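S.K.: could you look at this predicted model? Sequence included:
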Amino acid sequence: MPADSPDTPVIEIRDLHKCYGPLEVLKGVDLVAPRGHVVSLIGSSGSGKSTLLRCCNLLEDSQQGEVRFEGEAVRWKGEGLARHPADRAQVTRIRTNLSMVFQQFNLWAHLTILQNVMEAPVTVLKRDPKEVEAKARQYLAKVGIEDKADAWPAQLSGGQQQRAAIARALCMEPRALLFDEPTSALDPELEQEVVRVIKALADEGRTMILVTHDMKLAADCSDHVIFLHQGRIEEEGPPASLFGNPSSDRLRGFLSATAA
Amino acid sequence: MKKLLLATALIAVSGAALAESHGQTVRLGTEGAYPPFNFINDAGEIAGFEREVGDELCARAELTCEWVTNEWDSIIPNLQSGNYDVIIAGMSITKERDEVIDFSQNYFPPAASAYVALTADADLKGTVSAQVSTIQAGYVAESGATLLEFATPDESVAAVRNGEAVAVFADKDFLAPIVAESNGELMFVGEPVQLGGGVGLGLRESDTELKDKLNAAIQSMKDDGSLNALIEKHFGPETAKF
Amino acid sequence: MFAACADPKAIEGLTWAACYLTSGKHLDFYWSFVTVLMLLAITAPAALAMGFAGATAARSRFLPLSLLGKAYAAIVRGVPDIVFFLFFVIALDQGIEWMKHQIVCPDWTEPVRQGLEFRVCPQAKVPLGSSSAIWHQAYGFGLAVFTFAIVFGAFAANVLYGAMSAVPRSQLETAEAYGMSQGQVFRRILVPQMWVYALPGLSNLWMILIKATPLLFLLGVKDIVYWARELGGSKTQAYEYPHPDWRLWYFLGLLVFYLLFTKVSEIVLARLSARLSHGQATAAGEAMRKVAA
């Protein structure tokens, strides 16, 4: 498949293995995120869902298997635990096109909200600061916190910080957004303001990979849901069948536990 | 007679030319805290007996001289590492020092050291203060008294005033004006003690040429009485002279 | 200084005091305050630069560089200051002269070390024996700045190394996730964020540096404590202005000077700390968030 074909998945992972020392956390996992699709990763903690997400933008090394970004395979050097990406430029290209939103927001504490949103486009992509500022304000307005542009991260509530972090991700104008438990650190009443933003982004047809424990969010906005258990894909499919008619005992057990 | 004049003139000229061609400045190191030998006067310049002797010696030896001050404690190491060329700091000629540096002949006769205390019945075997690394400090240590050392001579006297020490042991010539101006607070106690071989210039052992020049200059000052005149000017008429 | 001061022993009272306080020696004393302030103004940034270099080297992934950085901090911090100021300076001075000696006097045959003596050719003395006193003073001051920078740089390196490690890993990881190179992460995120963690340690160092300036005298630079001791000591009639032991008053003056100076430093450092901690996830940042909320 040629790289510019609309059918090329943004991210494609084949048979990925990942160890932390003797502990194997991913035991041969496949993941395909086609353009315009939302893929959710669910599973109990320790199932490897966050690790899988972090392997997408190469924040984590993996020992075996293939990672493709828009059809382009990541080049590796070394073997096993010594396997690392071989090409720094390729890593940078992938990371700047896959913007990540973290559980703990991770806004840079020494920068104002506006500076946080502008930092990577200006520093890494070398875009014109004036244009970036206009875009940044636009994205801040989109997530509803344009009035906080000059505030410091520590002055905002958790929900506001996470929305700022989403604006920061959007300002990179990436090919896909990676969400790592974006609502887990938030109080229930703040959770909804972030959920609304994520749903709106899904409705726009953005490519997203969403690691979440919020089954309702996964059900509402996903095209495809993957249930991971102990480093393996236990079950996957469209949300309707996965949540409506789970076939494995483990998924049934997991769903009833999270529903309770 | 004419010939002799000519010869001396020639020697003087060639000597000047020699000094010129060498262009060497001799740096004189002193402490600047030991009146009347050497001290910093109120204009901030080095003054005292040794200032006048040093300037005269340099003139006689046809040397360009420059004065530097250095802490007493490190005055010998800094001579050895070449930070100055001559120590002129009231330094008594002793065997111990002669092992590490060289001395010129003395320009101040072997002088008495004395005890000064607040009372006449002061216990000289008690706590006695002296300046660190001096001939007097060595003497006190051997006398069986408890030695209390200070970095500067002035502090060793102050220690007696404030009761830290029973007595101070130092050059009699340094103590004399202090006792005289203390309005009876301080007094000499016990008998003066003769220590050392007088005060000489300290030089690096390898600097024999400079040593010879300065020795000749000291000798000429002794011979024409100018050294005695300076001693009398700074230390009074009763001080021992050459 | 004034015409009235021509014969100090004939004047009394206020005139005497005015003449006394404006004597050449006192002017040297006042000038030494400038020397000390200048030393601080030059040494503090120099030490910070040394510390930054040391901390950066210690963090390096290149092992020899990392060892060099760590050894610098460990060794210099372990050696007592006074030993450092006595021996390092002599060694440095001799080292400079030895190197110059190799260049300017290649034909010199006598050994440089003769027992305890150190003899280079006259042309290799730094500064030259014939140069004026001001150059000797400037050289001494330069050695002092360099030595202070090395000693305090080692402490600063340790403080900065700790501060760099205190920046939360997640802040750096986020920058990596957005495509920043190691250099960009260091410059854009790590360095700006470490200051707030470094500031308490650095302000301690600054206070210690202020108090360490009397060590200058060990390096042959006459500082305020030297002059206070020299001026305050009792003066016989050999001096123009004889007086009893006034050291107490001079040292009281110094006490006031040092207290004022440290007080001003504290105020400035507190403001700096407030500025630096605006958004950061430290206790100060948290307090700010609570006020805003």
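M.R.: Cool, got the structure.
S.K.: which residues in the stretch 101-250 of chain A form strands?
M.R.: According to DSSP state E, counting those that start in this stretch, the stretch 101-250 of chain A carries its strands in the segments A:176-180, A:208-211, A:224-229, A:232-237.
S.K.: any idea which of those strands gets closest to chain C?
M.R.: Within the strands of the stretch 101-250 of chain A, the stretch nearest chain C is strand A:176-180; the backing value is 8.4 Å (C-beta to the nearest C-beta). Where you see a C-beta, it was placed from the backbone N, CA and C, and this is true even at glycine.
S.K.: next one: the closest one to chain centre, how far?
M.R.: Distance of strand A:176-180 from the chain centroid (C-alpha atoms, centre = their mean, to the nearest Å) equals 2 Å.
S.K.: any idea which element residue A:24 lies in?
M.R.: strand A:23-33 (DSSP states H and E).
S.K.: I'd like the average pLDDT over that strand.
M.R.: Averaged over strand A:23-33, pLDDT sits at 94.
S.K.: what's the answer for stretch C:6-26, then?
M.R.: Stretch C:6-26 shows a mean pLDDT of 85.
S.K.: what sits up against that stretch?
M.R.: Residues outside stretch C:6-26 that contact it (C-beta atoms under 8 Å, 6 or more residues apart in numbering or on different chains): B:40-45, C:1-2, C:4-5, C:227, C:230-231, C:240-241.
S.K.: may I see the PyMOL selection of the buried members of those residues?
M.R.: The command below creates a PyMOL selection of those among these that count as buried (16 or more other C-beta atoms under 10 Å in any protein chain shown):
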select buried, (chain B and resi 40+41+42+44) or (chain C and resi 5+227+230+231+240+241)
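S.K.: closest one of the contacts of stretch C:6-26 to chain A?
M.R.: Within the set of the contacts of stretch C:6-26, residue C:227 lies nearest chain A; the separation is 44.4 Å, counting by C-beta to the nearest C-beta.
S.K.: re the thing from before, now narrow the contacts of stretch C:6-26 to whatever sits close to chain A.
M.R.: Among those, none lies close to chain A by the criterion of C-beta under 8 Å from any C-beta of the partner chain.
S.K.: from the contacts of stretch C:6-26, which ones fall inside helices?
M.R.: Applying DSSP state H to these, the entries found in helices are C:227, C:230-231.
S.K.: near chain B, which of those residues show up?
M.R.: Intersecting the ones in helices among the contacts of stretch C:6-26 with the surroundings of chain B, defined as C-beta under 8 Å from any C-beta, gives residue C:230.
S.K.: just the helices in chain A please.
M.R.: With helices called from DSSP H, chain A shows them at A:49-56, A:88-97, A:113-123, A:129-142, A:158-171, A:188-203, A:215-221, A:239-244, A:249-259.
S.K.: longest strand of chain B?
M.R.: With residue count as the measure and DSSP state E as the assignment, chain B has strand B:187-194 as its longest strand.
S.K.: residues contacting residue C:223?
M.R.: For residue C:223, the contact set (C-beta under 8 Å, 6+ apart) comprises C:32, C:35-36, C:213-214, C:216-217.
S.K.: what's the pLDDT at it?
M.R.: As summarised for this prediction, residue C:223 has a pLDDT of 83.
S.K.: repeat that for residue B:5.
M.R.: 43.
S.K.: helices of chain B, start to end?
M.R.: Defined through DSSP H, the helices belonging to chain B, from first to last, are B:2-22, B:49-60, B:75-80, B:95-100, B:135-143, B:153-161, B:172-180, B:208-223, B:226-235.
S.K.: ok, and what's touching the fifth one?
M.R.: By that I understand helix B:135-143. With contacts defined as C-beta under 8 Å, 6+ apart, helix B:135-143 is touched by B:92, B:94, B:96, B:113, B:124-125, B:128, B:130-131, B:147, B:149, B:169-171, B:193, B:195-196.
S.K.: contacts with chain A among those residues, please.
M.R.: Counting by C-beta under 8 Å from any C-beta, no member of the contacts of helix B:135-143 is near chain A.
S.K.: picking that back up, turn the ones in helices among the contacts of stretch C:6-26 into JSON lines, including pLDDT.
M.R.: Below are these laid out as JSON lines (pLDDT from 0 to 100):
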{"residue": "C:227", "pLDDT": "89"}
{"residue": "C:230", "pLDDT": "86"}
{"residue": "C:231", "pLDDT": "90"}
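S.K.: and the residue nearest the centre of chain B, how far is that from residue B:153?
M.R.: Closest to where the C-alpha atoms of chain B average out (C-alpha atoms, centre = their mean) is residue B:90, at 1.4 Å. Taking C-beta to C-beta, to the nearest Å as the criterion, residue B:90 is separated from residue B:153 by 9 Å.
S.K.: try residue C:173
M.R.: With distances defined as C-beta to C-beta, the gap from residue C:173 to residue B:153 amounts to 66 Å.
S.K.: those two - which one has more neighbours?
M.R.: Regarding residue C:173 and residue B:153, a neighbour count based on other C-beta atoms under 10 Å in any protein chain shown identifies residue B:153 as having more, with 29 against 17.
S.K.: specify the beta-bridge partners of the nearest residue to that one once chain neighbours are set aside.
M.R.: For residue B:153, ignoring the flanking residues on the chain, the nearest one in space by C-beta to C-beta, 6 or more residues apart in numbering or on different chains is residue B:131 at 4.8 Å. Taking DSSP bridges, one finds residue B:150 as the beta-bridge partners of residue B:131.
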